[in-house]
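Novice: Quick one, what's the 3D model for this:
(chains A and B)
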Amino acid sequence: MRKALLPSLIILATSLLVIRIFYLQVVDETLKLKSENNAIKKKFEYPERGYIYDRKGKLLVANQASYDIMVIPRELKKTDTLEFCQLLNITKEDFIKKIEKAKIYSPRLPSVFMSQLNKSEFAAFQEKIRKFEGFYFQKRSLRDYEATFGANIFGFITQVNEKLVAKNPYYNSGDLIGKQGVEESYEDLLRGIKGVKYVQKDKYNREIGSYKNGKFDTIAVQGEDINLTIDAELQKYGEELMINKRGGIVAIEPQTGEILALVTAPSYDPSILVGRQRSKNYTELYHDSIAKPLYDRGLLAEYPPGSPFKILTGLIGLQEGVIDENTSFFCNHGFSYGRGRFMKCHAHPPAQQLHNGIYNSCNTYFAQTYMLAINKYNNPAKAVDIWSNHVKSFGLGQYMGYDLPTGKRGKVPDSKTYKKIYPNGGWRSTTIISNAIGQGEVLMTPIQLANMMATIANEGYYYTPHIIKKIEAHTIDKKFTTRHVTSIDKKYFKPIISGLFDVYNLGTARALKVEGIDICGKTGTAENFAKIGGMRVQLKDHSIFVAFAPKDNPKIALAVMVENGGFGATIAGPIASLMIEKYLRQKITRLDLEKRILATSLQSEYAKLGGLSEKVKAQLRISDSIKTQKTIIPTAKVKSDSTTRIKKVI
Amino acid sequence: MKNQSISNNIDWISIIIYTSLVILGWLNIYSSSLSSMEDTYQKQLIFIILTIPLIFIILAVDGKFYEKYASIIFVVSLLSLAGLFLFGKTIAGQRCWYAIGSFTLQPSEFAKAATALALAKYLSDTQINLKDVSKQLQALAIIILPVLLIIPQPDPGSALIYSVFIIVLYREGLPSWYVWTGFITILLFVLTLVLEPLYVILIGLAVIIIVHLKSRLADRNIVLSSILFAIISGFVLSVNYVFENVFKQHHRDRFNILLGKTVDMKGIGYNTNQSEIAIGSGGWIGKGFLEGTQTKGGFVPEQHTDYIFTTVGEEWGFAGSVVVIALFAGLLLRIIYLAERQKTKFSRVYGYCVAGILFMHFFVNIAMVIGIFPTIGVPLPFFSYGGSGLWGFTILLFIFIKMDANKVNEW
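Specialist: Numbering: from 1, shown residues only, chains lettered A, B, ... in the order given. Next comes the predicted model:
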């Protein structure tokens, strides 16, 4: 009995130890995870982002080195603080404060002393850095913009948000990511693939070498360079023309669907969203809810297209066989329909045929055509759906599938739309007649308008508009080289195009002819209202112009939209013709017209809506200026009420 | 001729296990030393090499020598402990070392073997009967003398080891109530810390009443039961008082962490937490030799000394841990087996002491590392870094192996 005590204790104790170790090593999984967090750190090596060039190979976006000065408080030695502060242009108080802050974070670990110094700020310090023990620098790569324009096209680089970090395993907290523009849509190509290094840490979080001799490490893959379809000269010129205006210009090469220019106004200098001022500037831009410099009007702004839509009404009329090019309607300053309702038309010579109906932009002609097309079928619902499908075959009323991250569908009504508006039925062609002239329920974005013109220029087909021209080691998406054919036969485009050509010869854009270039175009005007101080106020009409040129073998199709610009021919028209001349001739002959447009400012009109203060504008280098303070918060709303209010449409 | 007889009678099983443990220990010290700049593994290698002549000397010395000079060895050992108060070197608040050049020597590591020899010598006297209270006290005095010299260093870990001699005395005839009292004392102590003192007293009362009622009428003694109850109550309350008022905060913390009453992973709970993480991350078969991330990161404090078992756990996993534990258990049981077959009482008692001392070190150390015993500085025999410890345990073990090999010659 006495002999058994010690052996029993030994066996008991041994069992106890084994059970506990079994629990720790096999049962309790949490300890394994804790150990990973404890001891292995992933370190990333970020490749340089790909460069961005324009269609002719002009460099638009490159990278610049920026430097973070780091400090390890414990390694600090007595140094010449005065010299140090002079080199970095900071005060001694700043210096002490920053060191204290770093000490609080950790005396052993590096913290950022000063971040994102540019080359010139850093140069003087770099020579002397060895004198200051405890300090070292870290190089980072930032965007360097060779262009002062195109901010909406490029987008910007920002820190990835936590939501995406949770969703996409590639990104880690603190990583940079492209936002908006091509930086976002071609993020995967531009960023490259970051390299990962597994580093073994010690208890002080210091690195003590690579983990498993780098067995799991990967090498960073460089970002790819891309060429955009943008013509830098044209883009720049478009942005200049839009100074002190709001709106958008979209220019497309019809044969390819390549976007030549994508202008939104107001815009900003892309370089303000780089470096130390980035987040402050971004906040300012973001909070300007009136001028919305971050809002790409070329892609996002939905307007009733107005008169340019008459082109489609005419084409559908021809396709449906309700008119031919010789069909004429009588117009006497307007058109009576339904019970005592009247659509006004402006003064123009009578005896309208399709040809002069277009260049005179006759409301009556297209309202009649539309009514015939709808009344062709006994059932208005079926008729509207047939009409709607014709319109949609031009890429309207849907996301177009272009390679920029933002967009709007626009709106093309069909029978479902009207079922919703009139749940009890009773609607017919006269109820929805304003669709004929691009008012009513139809909404389009400028890029959709431009694409519509490209389709007409191509006589019935289009390529999905896109902004990518060439990728260093990849081919561009097949969908950009696939032809989309409309539901309108090719032969019906001829008379329409000749009408659009005469808009310049005989019609609303007579004054905008460019000698030697055959331009086909169409003016448009869209009414709009805003709530100012609680009152609904009608503002000056939006000025719209669509065009393509030359008439034979078109090289450029474009849409110009100037908010509150008035008649289509006053501002949007000249801008369109200057853009065409610039693109086809590379120089401008009508210098006085150019001068007038450059000098035109609509700021007094926009002032009614409120906006940012002068000081902030100057800081942000936003290319328009508004004099009033932000006092009222209006909601700019484009009218889209077809049945009750139809007025002049030119 | 003499050497021949020794190698014939020597217990090779013990030696193989001993050698395996020393080699495994060194490999783990090598791995854990990679995190620090120190060359501990080189030093330990020197210590290991130096054990070889040490072992030969121990085996070469005449078997009777240890019994003959046990008392003198004990006195010298006590003097060496006492000398620390005059000449000792203080490291981390503990005055446990003599500095000899760049090396340090810890006399308490040798005192255990000396005390074992003295105790064996004392009990081997045929006149000694442990039923006799005066003999009990004399035997206890041999144990307590070195403890009194070790506690003020302070080195509570080494002092704790001496409690194992009670089990040795029990084997040699100490009345069983000593062991029972010891067991109940520990139980009450732990219960008092885990539960409220009042509950422990109530439980004690209930147990006493049940025992009282269950016993035969003639054996019932209301006075004895009452006294027992008073003693238990007094003990519980004094434990509570001592814990709250006499213990230092860090002692309280060590117990509280163990009992799960305090959670503080960065501060006082750091050691235990880190060692549990390191061991837990090993899994079934571990991360492989030199691949332990926690070991390389130096997250576990004192990893090459008291926490060396964390390296085993992390790099060799459950499999490796079980192998090491099995080696220890095998060695301990082997020593007990050998002790029981000794022909002389002296060598039997000494063998028991060796098994007991090694067992206490083995159990307390690993139990602490895996978080079932409060943090206390006790090295793992043959594994932990340190020359004094390695030599102390080697001397302890090999004196017994020599005695065991000698037994044939005596007849």
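Novice: Now the helix or strand hosting residue A:595 - C-alpha only, CSV.
Specialist: Here residue A:595, judged by DSSP states H and E, is contained in helix A:591-599. What follows is helix A:591-599, C-alpha atoms only, in CSV (Å, rounded to 0.1, in the frame of the first residue of the first chain):
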residue,chain,number,x,y,z
LEU,A,591,-12.0,82.8,-83.9
ASP,A,592,-14.7,85.3,-83.0
LEU,A,593,-17.2,82.5,-82.4
GLU,A,594,-14.7,80.7,-80.3
LYS,A,595,-14.0,83.8,-78.3
ARG,A,596,-17.7,84.4,-77.8
ILE,A,597,-18.3,80.9,-76.5
LEU,A,598,-15.3,81.0,-74.2
ALA,A,599,-16.5,84.3,-72.8
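Novice: Now that helix: average pLDDT?
Specialist: Taken as a whole, helix A:591-599 carries a mean pLDDT of 89.
Novice: which residues are in contact with that helix?
Specialist: A:240, A:241, A:243, A:571, A:574, A:575, A:577, A:578, A:588 (Cβ atoms under 8 Å, 6 or more residues apart in numbering or on different chains). All C-beta atoms are positioned from the backbone trio N, CA, C, and that covers glycine.
Novice: buried sites along that helix?
Specialist: For helix A:591-599, burial by neighbour count (16 or more other Cβ atoms under 10 Å in any protein chain shown) applies to A:593, A:594, A:597.
Novice: any idea which helix or strand comes after it?
Specialist: Next in sequence after helix A:591-599, counting helices and strands by DSSP H and E, comes helix A:603-607.
Novice: mind listing what's buried in that next one?
Specialist: By neighbour count on 16+ other Cβ under 10 Å, the buried set for helix A:603-607 is A:605, A:606.
Novice: Any chance of the buried residues of helix A:591-599 in a markdown table with distance to residue A:43 as columns?
Specialist: As requested, the buried residues of helix A:591-599 are arranged in a markdown table below (distance: Cβ to Cβ, whole Å):
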| residue | distance to residue A:43 |
| --- | --- |
| A:593 | 59 |
| A:594 | 55 |
| A:597 | 54 |
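Novice: And for residue B:83, the neighbour number?
Specialist: Close neighbours of residue B:83, defined as other Cβ atoms under 10 Å in any protein chain shown, add up to 13.
Novice: Which helix or strand contains it?
Specialist: Using DSSP H and E, the element containing residue B:83 is helix B:64-87.
Novice: Mind checking the pLDDT average for that helix?
Specialist: The average of the pLDDT scores along helix B:64-87 is 92.
Novice: same thing with stretch A:449-467?
Specialist: Across stretch A:449-467, pLDDT averages out at 94.
Novice: how about that stretch: buried residues?
Specialist: A:449-460, A:462-467.
Novice: Same check on stretch A:344-355?
Specialist: Per 16+ other Cβ under 10 Å, stretch A:344-355 contains these buried residues: A:345, A:348, A:352, A:353, A:354, A:355.
Novice: next one: it to chain centre, how far?
Specialist: Taking Cα atoms, centre = their mean, to the nearest Å, the mean C-alpha location of stretch A:344-355 is offset from the chain mean by 39 Å.
Novice: and the residue in the stretch 151-300 of chain B that chain A sits nearest to, how many neighbours?
Specialist: Among the residues of the stretch 151-300 of chain B, residue B:280 lies closest to chain A, at 2.6 Å counting by Cβ to the nearest Cβ. Neighbours of residue B:280 under the rule other Cβ under 10 Å: 27.
Novice: which one is it nearest to, not counting chain neighbours?
Specialist: Excluding its sequence neighbours, the residue lying closest to residue B:280 (Cβ to Cβ, 6 or more residues apart in numbering or on different chains) is residue A:31, at 2.6 Å.
Novice: for chain B, which spans come out with low pLDDT?
Specialist: Chain B contains residues with pLDDT under 70 at B:1-8, B:35-38, B:257-269, B:407-411.
Novice: Name the single longest strand found in it.
Specialist: strand B:94-100 (DSSP state E).
Novice: continuing past that strand, what's the next helix or strand?
Specialist: Helices and strands here follow DSSP H and E; after strand B:94-100, the next one along the chain is strand B:103-105.
Novice: Extract the C-alpha set from the helix or strand that comes right after that next one and format it as CSV.
Specialist: Of the helices and strands lying after strand B:103-105 in sequence (DSSP H and E), the nearest is helix B:107-124. What follows is helix B:107-124, C-alpha atoms only, in CSV (Å, rounded to 0.1, in the frame of the first residue of the first chain):
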residue,chain,number,x,y,z
PRO,B,107,23.8,25.6,-4.9
SER,B,108,20.1,24.9,-4.4
GLU,B,109,20.3,22.6,-7.4
PHE,B,110,22.8,20.4,-5.6
ALA,B,111,21.2,20.7,-2.2
LYS,B,112,18.4,18.4,-3.3
ALA,B,113,20.8,15.5,-3.8
ALA,B,114,22.5,16.3,-0.6
THR,B,115,19.3,16.4,1.4
ALA,B,116,18.2,13.1,-0.2
LEU,B,117,21.5,11.5,0.9
ALA,B,118,21.2,12.9,4.4
LEU,B,119,17.6,11.6,4.7
ALA,B,120,18.5,8.2,3.3
LYS,B,121,21.4,8.0,5.7
TYR,B,122,19.2,9.0,8.7
LEU,B,123,16.5,6.5,7.8
SER,B,124,18.9,3.7,7.0
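Novice: angle of the helix holding residue B:83 against strand B:94-100?
Specialist: Calculated by axes from the mean of the first three to the mean of the last three Cα atoms, to 10 degrees, helix B:64-87 forms an angle of 110 degrees with strand B:94-100.
Novice: Show me the contact partners of helix B:64-87.
Specialist: Applying Cβ under 8 Å, 6+ apart, the external contacts of helix B:64-87 come out as B:95-98, B:107-108, B:110-111, B:114-115, B:117-118, B:120-121, B:124, B:142, B:145-146, B:149-150, B:152-153, B:344, B:346, B:350, B:399, B:402-403.
Novice: Show me which residues of that helix are buried.
Specialist: Using 16+ other Cβ under 10 Å as the test for burial, helix B:64-87 gives B:66, B:67, B:70, B:73, B:74, B:77, B:78, B:80, B:81, B:84.
Novice: closest point of chain A to chain B, which residue?
Specialist: residue A:31 (2.6 Å).
Novice: any idea how far that residue lies from residue B:306?
Specialist: Distance, residue A:31 to residue B:306, by Cβ to Cβ, to the nearest Å: 20 Å.
Novice: Could you check which of these two has the larger neighbour count?
Specialist: residue B:306 (26 against 22).
Novice: Wait, that one touches residue B:378, no?
Specialist: Yes: in this structure, residue B:306 is within contact of residue B:378 by Cβ atoms under 8 Å, at 6.7 Å.
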